[in-house]
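J.: Predicted structure and sequence below. I'll ask about it afterward.
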Amino acid sequence: MSKTRESLQARQEKISYLKGLIWRHSRKEPMTEIQLADVQAWGELSPGHAAFLEDFGDPKWLMEEMREMYQLDQKKAWNTLVTKIRANDARIISFRTKLRRIGYAAVISIPLTWMGLQYFASPERLSSAAQRALVKEPGNFSALLTVNDGRHIVLERLGDDQVSSAGDMQATMKGTDTLLYTLPARGSGKEIHHTVQTGRKQAFHLVFPDESNVTLSYASRLNYVFTSEGRVPEMSLSGHAFFNITPNATQPFALKVNDTRIEVLGTSFDVMAYPDDSVMQVTLRSGKIRVWKGLQHLTLDTVRQVRVTRDSMTLCKDPEFLFKDADLATVLGTIARWYNVEISNPQHVRGIHVTGGFPLALSLDDVLRKLEKMQSGHARFHNMGNNIEIIPGK
């Protein structure tokens, strides 16, 4: 083998070594003292390297880079970049004392590592049914899943079928309105970033490996990242959702809505925060939550409600649910979760929208009577104890 080829191979080995260290550093995986020193030394080579180390650990930043790369002619871009690096020996320098044990190493440019992201965060495997449900541009849908690499899947097209897998983590559709995540106790997953978005047709349900579940209302979006252990330590919401979080004192859960953060140990609560609403509602049903806005926080440990505006948080003495042009099915879904009842619609009453609100202190019968008036009697409701039946009105 020629010296030139040996030199190029050695450079590639050093680049691969450093890429692996950067990846482990961003995932906060265990590293030896020498490996930590190598990463620190690489970050100290320039302000750009230091900024990259910080950014690379941010899933949102990574997703944006993945989306951009998904649109590239990656083979052509990679070959062009490698050619430029090989021709530019000025980029190959000796490391300081901390890195002398490997002789020398390539200073990895930020574009080079961006192109290597697909090695680090390779797309999860989609089922054949999910591949048939892929769309380039989201259009009309009931529920849309965006996976790690930015691809969009219309979930209601799948029926009872597997969606994707990453390591031992499985995502499977149940019917047309539930996405179930499973991770065997003996298995391990890979870190994956998912976004589920709903249209204006119906609510959508998500069930997670720890049996926590979320009901996402119409025109809403939920972002979440699974750790390699299958946990979802944090989500971000735009719109309306009801959360039922399995208690776990050692692994707390947090929800972000714009600049507001909700800390949870195990509870059920409702959040309504549509982008065009001036007030966000956070309503506790059971358990305990703490709502943060900047340095201010309010703690809820009984059935209470916090209203959040751009400048303030207010604890409501008389909490209520407020709806603005909401589909009747969404309103009844909120009522059903709050009063722990089921909804049946045997005559398929549809196309009714509701604007208004009702206090949470009302009985279920009073709420249903108020709801009939709010939508001018176009639908009526029969309370059968643990089930509310919708029947056509006038």
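T.: Good, I have the coordinates.

J.: How is the chain divided into domains?
T.: Taking automatic domain parsing as the domain assignment, the ranges for the chain are 3-120, 125-232, 321-392.

J.: Would you single out the least confident of those domains?
T.: Lowest mean pLDDT within the domains of the chain: domain 3-120, a mean of 57.

J.: Strands of the stretch 101-250 of the chain, start to end?
T.: Secondary structure of the stretch 101-250 of the chain (DSSP state E, counting those that start in this stretch): strands at 105-106, 125-126, 134-135, 143-146, 152-154, 162-166, 169-174, 178-182, 192-198, 204-207, 213-216, 221-226, 234-244.

J.: got these as CSV, with mean neighbour count and distance to S286 columns?
T.: Placement of C-beta: from N, CA and C, glycine included. Listed next are those as CSV, based on neighbours: other C-beta atoms under 10 Å; distance: least, C-beta to C-beta, whole Å:
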stretch, mean neighbour count, distance to S286
strand 105-106, 21, 55
strand 125-126, 16, 37
strand 134-135, 13, 38
strand 143-146, 23, 27
strand 152-154, 21, 33
strand 162-166, 21, 31
strand 169-174, 20, 25
strand 178-182, 19, 22
strand 192-198, 22, 24
strand 204-207, 22, 18
strand 213-216, 22, 14
strand 221-226, 20, 21
strand 234-244, 21, 9
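
J.: can you list these in TSV and add distance to D325?
T.: Shown next, in TSV, are these (distance: least, C-beta to C-beta, whole Å):
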stretch	distance to D325
strand 105-106	57
strand 125-126	35
strand 134-135	26
strand 143-146	20
strand 152-154	24
strand 162-166	31
strand 169-174	29
strand 178-182	26
strand 192-198	15
strand 204-207	19
strand 213-216	18
strand 221-226	18
strand 234-244	12
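
J.: Can you say which of these is nearest to A37?
T.: strand 105-106 (12.9 Å; C-beta to C-beta).

J.: Can you give the distance from stretch 248-267 to the centre of its chain?
T.: 13 Å (C-alpha atoms, centre = their mean, to the nearest Å).

J.: Keeping just the C-alphas, turn it into PDB.
T.: Taking Å, rounded to 0.1, in the frame of the first residue of the first chain, the C-alpha atoms of stretch 248-267 are listed here in PDB:
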ATOM      1  CA  ASN A 248     -42.400   7.500  38.000                       C
ATOM      2  CA  ALA A 249     -40.600   9.400  40.700                       C
ATOM      3  CA  THR A 250     -37.200   8.700  39.300                       C
ATOM      4  CA  GLN A 251     -38.000   9.700  35.700                       C
ATOM      5  CA  PRO A 252     -40.100  12.900  35.700                       C
ATOM      6  CA  PHE A 253     -41.900  14.100  32.600                       C
ATOM      7  CA  ALA A 254     -42.200  17.600  31.300                       C
ATOM      8  CA  LEU A 255     -44.400  19.300  28.700                       C
ATOM      9  CA  LYS A 256     -43.300  22.500  26.800                       C
ATOM     10  CA  VAL A 257     -45.800  24.900  25.300                       C
ATOM     11  CA  ASN A 258     -44.000  27.900  23.800                       C
ATOM     12  CA  ASP A 259     -42.200  29.500  26.800                       C
ATOM     13  CA  THR A 260     -44.300  27.600  29.400                       C
ATOM     14  CA  ARG A 261     -43.100  24.400  31.000                       C
ATOM     15  CA  ILE A 262     -45.200  21.900  32.900                       C
ATOM     16  CA  GLU A 263     -43.400  19.500  35.300                       C
ATOM     17  CA  VAL A 264     -45.200  16.200  36.000                       C
ATOM     18  CA  LEU A 265     -44.400  13.100  38.200                       C
ATOM     19  CA  GLY A 266     -47.600  11.200  37.400                       C
ATOM     20  CA  THR A 267     -51.000  12.700  36.800                       C
END
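
J.: Mind listing what's buried along it?
T.: Using 16 or more other C-beta atoms under 10 Å as the test for burial, stretch 248-267 gives F253, L255, V257, T260, R261, I262, V264, L265, G266, T267.

J.: how close does the nearest residue in space to N140 that is not next to it in sequence get to A219?
T.: Of all residues not flanking N140 in the chain, G199 sits nearest, at 6.6 Å (C-beta to C-beta, 6 or more residues apart in numbering). As judged by C-beta to C-beta, to the nearest Å, G199 and A219 stand 7 Å apart.

J.: Show me the contact partners of stretch 171-180.
T.: For stretch 171-180, the surrounding residues in contact (C-beta atoms under 8 Å, 6 or more residues apart in numbering) are 142-143, 145, 155-156, 158-165, 181-182, 194, 196, 202-207.

J.: same question but for stretch 224-238, I mixed them up
T.: The contact list for stretch 224-238 (C-beta under 8 Å, 6+ apart) reads 27, 59, 166-167, 169, 181, 183, 188-195, 208-210, 212, 214, 220-223, 251-257, 271, 273-275.

J.: Name the helix or strand for L21, please.
T.: Applying DSSP states H and E as the criterion places L21 in helix 3-26.

J.: Next secondary structure element downstream of that helix?
T.: For helix 3-26, the succeeding helix or strand toward the C-terminus, using DSSP H and E, is helix 33-43.

J.: So which bits of that next one are buried?
T.: The neighbour-count criterion (16+ other C-beta under 10 Å) identifies Q35, D38, V39, A41, W42, G43 as the buried residues of helix 33-43.

J.: cool, stretch 375-385 as well?
T.: Buried-residue list, stretch 375-385, by 16+ other C-beta under 10 Å: Q375, A379, R380, F381, N383.

J.: Confirm for me that V271 is in contact with I262.
T.: Yes. Under the criterion of C-beta atoms under 8 Å, V271 makes contact with I262 at 7.2 Å.

J.: Name the residues contacting each of the two.
T.: Here V271 and I262 share the contacting residues L255, V282, scored by C-beta under 8 Å, 6+ apart.
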